[in-house]
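Participant: pasted the sequence and its predicted model underneath.
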Amino acid sequence: MISAQIIKQSISQLQAITRVDLTVMDLSGNIVASTKDNEEMDSSLIVSFANSPVDSQAIGNRHLLKIMDESEPAYILIASGNDEGVYTVGKICVCQLQDLIVAYKERFDRNNFFQNLMLDNLLLIDIYNRAKKLHIDAVRPRVVIIVETGKDNDNTVSELLGSIYTTQAGDYITAVDENSIILIKSVDNPDNYDEIAHVATTIVDMMNTEAMLNARVAYGTIVGELKDLSKSYKEAKMALEVGKIFYAEKNVNAYNTLGIGRLIYQLPVNLCHIFLEEIFGENDVLDQLDEETLSTIAKFFENNLNVSETSRQLFVHRNTLVYRIEKLERSTGLDIRKFDDALTFKIALMVSNYIKYLDANQY
């Protein structure tokens, strides 16, 4: 049902144009919204009128009209005034509010449809039947983009996204949990992932500048039919989780660029423990590394194992960097200046982060 705020806004706009005071009451005679500060009406009259078969009734200088929702009364409108046009203004207001009810119900139905679609709660035949009823194209390239801000959902994120991505353009916004918002983005070219990457980056920047929120965005692959949207949603969700574990420095993660992180994410946890024991024995070597060592390793990998460039960027002497690497070799048995050892250490570090993530989230 539409909110009292929306009803108030609607009747206030009409009152400003027509100078006719309007009041909307529920079927029990309680005021929902009014353009008059002192509107009074016997609630028994409202209840009696709501239960009567007539659509309108005049009481003094007040015209009572029913606002219908699928042939059933939803609200009662009171248009006040002595002019002949008051009744006409009331009928116009009734039509406007009834159209709003239909629009909001369709929006709710559409939102409910996409929620069930994401969660695989619909049969194939239901998907196409409901899509047709809701005027949603069943065959059209789309991708699911998940926006997570680290806070419980409020209207801010949805409103910001809705101001740019509209249903008129074939885009839809919904949510299936309290932590994230889902944007179902329509695209023209099913292979244009550069466009999706640009959209994701734009969302991150918009959340940061407009709402002061640090957002993480992830998206799945582009699918051609409505029935495959749940697949894109699952991919986007995996990309979001994998991004948190292995690529924490990135605010945007795409399912088709997850690389080795996706492989590790799908490994059984016992296999991960066996791998680490095989490399380091029973000692928890990686947990003993300090922040300076980890940042040195990260920069060394970033510079493709180039000692000179890494020492320059870290503002340390080359010998200091070599000393740190050799110290790491003594504790781990791996010389990360060698490609094979560097690869082993990189994977081990990612596996360790994955195990920590599982422990923290009690999977």
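Facilitator: It's in.

Participant: wait, doesn't residue 58 sit right on residue 78?
Facilitator: No. Here residue 58 does not reach residue 78: they are 10.7 Å apart, not a contact under C-beta atoms under 8 Å. Where C-beta positions appear, they are placed from N, C-alpha and C, glycine not excepted.

Participant: the more surrounded of these two?
Facilitator: More crowded of residue 58 and residue 78, by other C-beta atoms under 10 Å: residue 78, with 22 against 12.

Participant: does that one belong to a helix, a strand or coil?
Facilitator: Residue 78 carries the three-state label strand when classified by DSSP: H, G, I helix; E, B strand; the rest coil.

Participant: who touches it in this structure?
Facilitator: Contacts for residue 78 (C-beta atoms under 8 Å, 6 or more residues apart in numbering) come out as 22-25, 39, 41, 62-64.

Participant: beta-bridge partners for the nearest residue in space to it that is not next to it in sequence, please?
Facilitator: Excluding its sequence neighbours, the residue lying closest to residue 78 (C-beta to C-beta, 6 or more residues apart in numbering) is residue 23, at 4.3 Å. Listed by DSSP bridges, the beta-bridge partners for residue 23 are residue 34, residue 78.

Participant: need the pLDDT of residue 23.
Facilitator: For residue 23, the model assigns a pLDDT of 92.

Participant: OK, contacts around it?
Facilitator: By C-beta under 8 Å, 6+ apart, the neighbours of residue 23 are 11, 31, 33-36, 39, 41, 77-78, 80.

Participant: let's see it at 7 Å
Facilitator: Residues counted as contacts of residue 23 (C-beta atoms under 7 Å, 6 or more residues apart in numbering) are 31, 34, 36, 39, 78.

Participant: could you report the neighbour count for the second one?
Facilitator: Right, the one you point to is residue 34. Quick note: residue 34 (other C-beta under 10 Å) scores 21 neighbours.

Participant: the first one too?
Facilitator: The local packing of residue 31 (other C-beta under 10 Å) involves 17 other residues.

Participant: if we ignore the residues flanking it in sequence, what's nearest it?
Facilitator: Spatial nearest neighbour of residue 31, excluding adjacent residues (C-beta to C-beta, 6+ apart): residue 25 at 5.6 Å.

Participant: the one you found contacts residue 45, doesn't it?
Facilitator: No. Distance between residue 25 and residue 45: 10.2 Å, which falls outside the contact criterion (C-beta atoms under 7 Å).

Participant: these two: which has the busier surroundings?
Facilitator: Higher neighbour count among residue 25 and residue 45: residue 25, with 24 against 15, using other C-beta under 10 Å.

Participant: got a list of what that one touches?
Facilitator: Counting by C-beta under 7 Å, 6+ apart, residue 25 touches 31-32, 41, 46, 75-76, 78.

Participant: among those, which one lies nearest to residue 200?
Facilitator: Nearest to residue 200 among the contacts of residue 25 is residue 32, at 40.5 Å by C-beta to C-beta.

Participant: any weak-confidence spans in the chain?
Facilitator: Scanning the chain for pLDDT under 70 picks out 1, 106-108, 151-154, 362-363.

Participant: where do the domain boundaries of it fall?
Facilitator: The chain breaks down into these domains under automatic domain parsing: 4-101, 119-258, 267-361.

Participant: do me a favour and get the end-to-end distance for the last one?
Facilitator: End-to-end distance for domain 267-361: 16 Å, by C-alpha to C-alpha, to the nearest Å.

Participant: for the longest one, same thing?
Facilitator: Using C-alpha to C-alpha, the end-to-end distance of domain 119-258 comes out at 23 Å.

Participant: check which helices and strands the top helix by length along the chain is in contact with.
Facilitator: Secondary structure of the chain per DSSP state H: the longest helix is helix 86-118. Judged by 3 or more C-beta pairs under 7 Å, 6 or more residues apart in numbering; DSSP states H and E, helix 86-118 is in contact with helix 4-18, strand 62-69, strand 72-80, strand 172-174, helix 229-246.

Participant: would you check the distance separating it from the middle of the chain?
Facilitator: Distance of helix 86-118 from the chain centroid (C-alpha atoms, centre = their mean, to the nearest Å) equals 23 Å.

Participant: can you add distance to residue 332 and give the contacts of residue 78 back as a markdown table?
Facilitator: Converted to a markdown table, the contacts of residue 78 look like this (distance: C-beta to C-beta, whole Å):
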| residue | distance to residue 332 |
| --- | --- |
| 22 | 76 |
| 23 | 76 |
| 24 | 72 |
| 25 | 75 |
| 39 | 78 |
| 41 | 81 |
| 62 | 85 |
| 63 | 84 |
| 64 | 82 |
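
Participant: any idea how far residue 71 is from residue 112?
Facilitator: Note on residue 71: its distance to residue 112, by C-beta to C-beta, to the nearest Å, is 22 Å.

Participant: in terms of neighbours, single out the busier of the two.
Facilitator: Higher neighbour count among residue 71 and residue 112: residue 112, with 13 against 5, using other C-beta under 10 Å.

Participant: quick one, strands of the protein?
Facilitator: Using DSSP state E, the strands of the chain run over residues 21-25, 31-34, 56-59, 62-69, 72-80, 139-148, 172-174, 180-186, 216-219, 223-225, 252-254.
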